[in-house]
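Colleague: Okay, sequence plus prediction incoming.
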Amino acid sequence: MRLQGKVAIITGAGKGLGRASAIEMAREGAYLVILSRTSPEIEETSRMIEEVGGEVLPLKADISRTTDVEGAVDKAQSRFGKIDILMNNAAVIGPVRPLYEVDERDWNICMDINVKGYFLFSKAVIPHMINRGRGKIINLTSGLGVMAMPLFGGYSIAKAGVIHLTKILAEELKPHNIQVNGLDPGVMDTKMQEDLRNLGPEVLGDAIYAEFSGYKEKGILKPPERVARLAVFLASEESNSITGENGTEKHYMRLGYKG
């Protein structure tokens with residue numbers, strides 16, 4: 001087992017890639033601390049982890065709140081005695097409209113969850129990792145973080161911030177043997193994609209709606225379980241020589257990931 005005895009915290013683990021990654025890491029021997037703002041979802045993920053023989057601590061938490069983040073890290077330390085892996089996965093797509101029409105409240109929600117939450121959780125776990133002389137941080141990024149796509153400005157800007165956060169943390173933490181990498185999952189068959197399609201052409205416009213619908217109709221969407229295997233690689237000792245990277249499955253295959 002590639003993660004035997006490791007302790008992993010995964011945010012946004014109530015569904016999608018977060019859930020799939022938690023289950024996959026449990027199969028590889030990790031102890032899981034899973035977070036979501038929605039109790040029924042996190043409880044279901046917890047049951048699925050236990051079904052594959054994993055040990056799990058489910059927590060309801062809002063990653064944009066310092067008290068929630070620090071409380072979760074304290075509970076993880078108390079339960080398992082260490083933190084080896086942090087997967088910053090929680091995200092919201094944000095307001096889907098031109099930037100000049102985005103109000104301050106929606107902007108703040110997007111940035112608080114998609115950027116601030118990643119910063120807060122990294123800040124909370126890093127001292128524990130430094131004390132142990134090792135650690136892995138995986139930040140969920142997106143291709144939208146490096147391209148300009150109309151209507152998705154808030155999300156794109158947030159993900160651009162996460163990409164740079166990843167690179168800076170990687171450089172700062174090299175002396176402490178902590179690897180920090182960005183994982184761009186590409187387009188997956190998750191509820192987020194379903195929610196985007198459900199916005200319809202009235203919100204997305206005909207061209208963007210056709211693009212998102214085409215992903216589903218043409219079978220382009222990847223199952224989150226496939227991307228979860230890449231998350232396991234980035235969490236394992238197999239990726240000890242890799243830090244400060246950001247990319248898709250193909251990118252990491254060039255760096256040694258075998259799928």
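Modeller: That came in fine, so what should we check first? Being a predicted model, the structure only gives us computed values, none of them experimental. Residues are numbered from 1 along each chain as shown.
Colleague: so which strand or helix has residue 171?
Modeller: helix 153-173 (DSSP states H and E).
Colleague: So which residue is dead centre in the chain?
Modeller: Compute the mean C-alpha point of the chain, and by CA atoms, centre = their mean the closest residue is residue 89, 1.7 Å away.
Colleague: Identify the spatial nearest neighbour of residue 98, chain neighbours not counted.
Modeller: residue 151 (6.6 Å; CB to CB, 6 or more residues apart in numbering). Glycine gets a C-beta too; all of them are placed from N, C-alpha and C.
Colleague: residue contacts, the one you found?
Modeller: 96-98, 203-205, 208 (CB atoms under 8 Å, 6 or more residues apart in numbering).
Colleague: would it count as being in a strand?
Modeller: No. Using DSSP: H, G, I helix; E, B strand; the rest coil, the secondary structure at residue 151 is coil, not a strand.
Colleague: Residue 251 sits in which helix or strand?
Modeller: Counting by DSSP H and E, residue 251 is part of helix 249-253.
Colleague: Which of the residues in that helix are classified as buried?
Modeller: 249, 252 (16 or more other CB atoms under 10 Å).
Colleague: again with stretch 94-104
Modeller: Those would be 94-97, 102, for stretch 94-104 by 16+ other CB under 10 Å.
Colleague: which of these lies closest to residue 183?
Modeller: residue 94 (19.2 Å; CB to CB).
Colleague: What separation do you get for that closest one and residue 124?
Modeller: 24 Å (CB to CB, to the nearest Å).
Colleague: Pop the domain breakdown of this protein in here.
Modeller: 7-186+224-253, 187-221 (automatic domain parsing).
Colleague: deepest of the ones you listed, which one?
Modeller: Burial of the domains of the chain is given as mean neighbour count (mean count of other CB atoms under 10 Å); domain 7-186+224-253 ranks first at a mean of 20.
Colleague: measure it end to end?
Modeller: Across domain 7-186+224-253, the terminal residues are separated by 25 Å (CA to CA, to the nearest Å).
Colleague: any idea where the strands of the stretch 1-150 of the chain begin and end?
Modeller: Per DSSP state E, counting those that start in this stretch, the stretch 1-150 of the chain carries strands over the ranges 7-10, 31-36, 56-60, 85-88, 135-140.
Colleague: Fine, thanks again, bye for now.
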